[in-house]
Structures are given as C-alpha cells and as structure tokens.
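> Sequence and predicted structure are below.
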Amino acid sequence: ASAYQPWLDKAPGNTANGREYCLNRNNTQWPLSRGFWDYQSRCAYMMRQGQPVVDLCIYLGSEVSNKLLSYRLPQIPEGYDWDVCTDDALLRILTAQQGKLKAANDMTYRVLVVERLARLTAKAEAKVEALKQQGVPIYDARKEGDYGLKAFLEQLSLSPDAAFTSANQPDTRIFFAHRSTGRAEIYFFDNHSHDIFSQDIVLRDSKGMTAEYWNPDNGQRYTLNTALTPEGNLSVSLTLDAHEAGFILLHKDKALIQPSLKRTYGQAEEIIALEKPWKVDFLLPSGKRTTHMSELTDWTLLQDEELKHHSGTAIYHQNFEKPIFADTTQRVMIRIDGLEATSRVWVNNHDAGYLWCAPWEVDITPYLKEGENSLRIEVANQLTNRMIGDLYLPEEKRTTFATTPLVKPGDKLLPAGITKSVKIVIR
C-alpha cells in the first residue's frame, strides 16, 4: 500500500520495483472491494474477542534458527492448536499452575512439547524439569520422537479441541482457531482445500451450549444441525465450500434471539440455469459500449481488441421469472461459477451483496417479487490485461501508465469477467 498516489488521470500510476500499490483509487477493483473489507473487519473483530485457546506450547530450545522450520516440528494431531516459544518465554514467563503451563495475561497451555532437535542450556533443562515436577505434562520429542504425541495426548485423556479429519497436507487441510470470552466459545474454520469439506465436528467442553454459524462474508447468523456425544458435548454438522471460511459460535445465553436462517449449504438444492442472452455494458475509457452474449464468455476470448484487453467494470443484465417453490423456509440464491473478478449483485435495484470469494453465492430471497425480476451484476477485473494490451500500442494511444513496469511483452492475459454460468439456487 502507498499513500503517495498523485495521479488522477493515470493508472496504475505510482508503482515500485515492478509491484502495484493495490490499496489506492487507481485500482480498477477498488469500487467493488467493500465486500472484501467488510469480511476482513468482521474476522478481525471476532478474532480479538476473549483469549486464545491453545493446547500445545512447543519449545524450540536455546539455539533457535532465524526462521521457524516447520519440518522440525513434531507430528501434531489434528484438532489441537499450538504456539511456539524459546528461552525468552521459558525462563522469564512460563510457570506451572494447577497442572497447566501459565503464560502472560492468564494464557494457559495443557502440554509443553520439547522439539526433537532442540538444544538446551543447563538452565533451560532445569526449568523444564522443574515444570515437570510441578505437574505440567511434558512431551520430550528428543526422547519420544516426532510421532508419539497423539498417543501421549490420549494417555492424558486430552481430547481434541475440535475433532475432525482432513487430508492434513500443506495444500489441503482444515485450519482452525478457538477463542473463549467466558460467555461464548468462538471457533474459526478455514477450508484450505480445492474440495468441499463436510463433517460432524465434535467440540470439546461444549456441554449445554447452543451452536450457531456466523458468516463473515455477509454478516448473517445461522442455526446448525447438532447432536450430543455420549459425553454430552456437541457434534456440529459443518459444510464448507472449497476455500470457504467461517465461525462456529457456542453460547448459553437463553436471552439471545435465535437466528431466523438455517445453514443449508451442502444440502439438496434445485438449480435453474439462466440461459437467456446477456446484455453487457463495458465501461471503457472511451465510454460505454454495449454488447450481447448468447453465452457467458471470458473477455479475453472476444474478437474486439478493446473488449479483450478491458480492465475495469462491466455490467451484466438479464431478467428472470421468480421461481416457484412450495416450502416457504427455502432460500433463493444467485450463484456465479467462473467469476474471474469481484462483483456486486442487484435484484430489482436492491443491493443483494458482493461476490468475491467462496461459496460464490448471495441470498436474493428478500428482493424477489412475483413475475419478472431484473438482475444486474457489476463485475470488475484487475488492470493487468489493459497494461498488456497497451504494450502493443503507440504511447500516445495508451490508457495506462506505471512508474516502473508491471508487465512485459509475452505475458499472458488473465481470465476476465464471468466465464462459466449464473444460476438460481433454491435450498
């Protein structure tokens, strides 16, 4: 980001060493970026509530490299969160308290884990032994190896904070974080995978609580299907689209108004494809140009050179009949497949929301009317394609300018616009 962006008539304008300052008025996606900022704001607010709940504190030893090398960590079972520490925390901050490891600001850990290749000074060895004598469970991977932690936790009868199973690989796994406020338990789940995740997740210490799903994308609360385990904890049914993230909130507040919506993603649905031709208004530097698409197409596949290299906003228009569905509890969504941009959806001139991330759908139920309904989708892609197109134009005909180049001859155009389909989804 840069506050220094003096040009009002040049885009991207001020750049540095081949990098674009994305947080400025010259970013073509800026006008449709509010959904992204609202999402960040909601997540940041939730993740500042209460205290983190972390089971494992992994001690790296007295001689620590400049970079945390993840391959040196023990095999950490899924469902347990962890922090790392060095001598600074071990010797100055960490103490034993009622069989737990206590840190600053009343933060506690259930287990101290000594990393397998850790080298300890005599002072550090003595501190680890003292914590052990005071009742803190310690897993020493120097003696027990990297693969015995799961069995060690089972011996302690320490069940996972969130019990689930994923591929648990760097590029396909479930990440989670847990914070406790005293009144509520906040779990954040991130499906870091190209596949849909759908499981019943058992949440530890959830007896007597009610579970809700809080969606950071639209700010809505939803009820969730739950069941009780033999121990009385909640087993919560959760489905997340590929690369979707959201919150499960547990509470005992009987006075809290229950959500009026139910989380139904992943359940049976009726799909109606919008297959009529689309009217598309391209907002070009030279003015608005309207075209019609018999089927949705990647802009870079269009024959017109100006449309092919368009970077900025285009507006898709279509009308549709209100779908018929007998169950009044069902909701109607607009889903966009193959969205290579940020977008904003309008139904009957009502703002239905922004689309920029999974699950690529917005709820349009409140804005529907009987008979014909109007749909307008504003779409904005990034500036790359126009900059590539300008490389092959005389300088006086170019519409982009960068203090340091961001593209070069031979760079490929990036997919742009709505490249696959728009559907009505009833669930």
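Here it is on my side, so go on.

> contacting residues for the closest residue to residue 241 other than its chain neighbours?
Spatial nearest neighbour of residue 241, chain neighbours left out: residue 359 (3.7 Å); criterion: CB to CB, 6 or more residues apart in numbering. (C-beta placed from N, C-alpha, C; glycine too.) Contact analysis of residue 359 by CB atoms under 8 Å, 6 or more residues apart in numbering lists 241, 244, 265, 335.

> Show me which positions of the host helix or strand of the last one end up buried.
The secondary structure element spanning residue 335 is strand 332-340 (assigned by DSSP states H and E). Taking 16 or more other CB atoms under 10 Å as the basis for neighbour counts, the residues of strand 332-340 that come out buried are 332, 333, 334, 335, 336, 339, 340.

> Which one of the residues you listed is nearest to residue 398?
The closest of the buried residues of strand 332-340 to residue 398 turns out to be residue 340 (CB to CB; 23.4 Å).

> what's the strand holding residue 335 in contact with?
Strand 332-340 is contacted by residues 296, 298, 323, 325, 343, 345, 347, 352, 355, 359-365, 368, 375, 377, 379, 381, 414-427 when judged by CB under 8 Å, 6+ apart.

> Pretty sure residue 307 sits in a strand.
No. Looking at residue 307 with DSSP: H, G, I helix; E, B strand; the rest coil, it is helix, so not inside a strand.

> That one touches residue 282, doesn't it?
Yes. Residue 307 is within contact range of residue 282, at 5.8 Å (criterion: CB atoms under 8 Å).

> got any residues that touch both of these two?
Listed as contacting both residue 307 and residue 282 by CB under 8 Å, 6+ apart are 289, 291.

> on that earlier part again, in a markdown table, list the buried residues of strand 332-340 along with distance to residue 391.
Listed next are the buried residues of strand 332-340 as a markdown table, based on distance: CB to CB, whole Å:
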| residue | distance to residue 391 |
| --- | --- |
| 332 | 44 |
| 333 | 40 |
| 334 | 36 |
| 335 | 36 |
| 336 | 30 |
| 339 | 26 |
| 340 | 21 |
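
> Now for the residues you listed: which two are most distant?
Farthest-apart pair in the buried residues of strand 332-340 is 332 and 340; separation 24.6 Å (CB to CB).

> residue boundaries of the helices in this structure?
Along the chain, counting by DSSP state H, helices occupy 34-46, 87-92, 122-133, 141-144, 149-155, 305-308, 384-390.

> Any regions of the stretch 51-200 of the chain where pLDDT drops low?
The stretch 51-200 of the chain contains residues with pLDDT under 70 at 65-71.

> nearest spatial neighbour of residue 244, skipping sequence neighbours?
Nearest to residue 244 is residue 358, by CB to CB, 6+ apart, at 4.1 Å.

> ok, that neighbour touching residue 239?
No. Counting by CB under 8 Å, residue 358 sits too far from residue 239 to count as a contact (11.7 Å).

> Same drill for those two, tell me which one is more crowded.
residue 239 (19 against 15; other CB atoms under 10 Å).

> Would you mind measuring from the more buried one to residue 312?
Distance of residue 239 to residue 312, computed by CB to CB, to the nearest Å: 35 Å.

> Show the end-to-end separation of stretch 153-166, please.
By CA to CA, to the nearest Å, the extent of stretch 153-166 from end to end equals 19 Å.

> Contacts for it next, please.
53, 55, 77-81, 110-111, 137, 172-174, 176, 178, 187, 189, 193, 197, 199, 201-204.

> Which of those are buried? Put it as a PyMOL command.
To isolate the buried members of those in PyMOL, using 16+ other CB under 10 Å:
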select buried, resi 53+55+77+78+79+80+81+110+111+137+173+174+176+178+187+189+193+197+199+201+202+203+204
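
> who are the neighbours in contact with residue 4?
residue 14.

> cool, and the one 3 residues further on?
Counting by CB under 8 Å, 6+ apart, residue 7 touches 13, 14, 26, 401.

> nearest to residue 145, of these?
residue 14 (53.4 Å).
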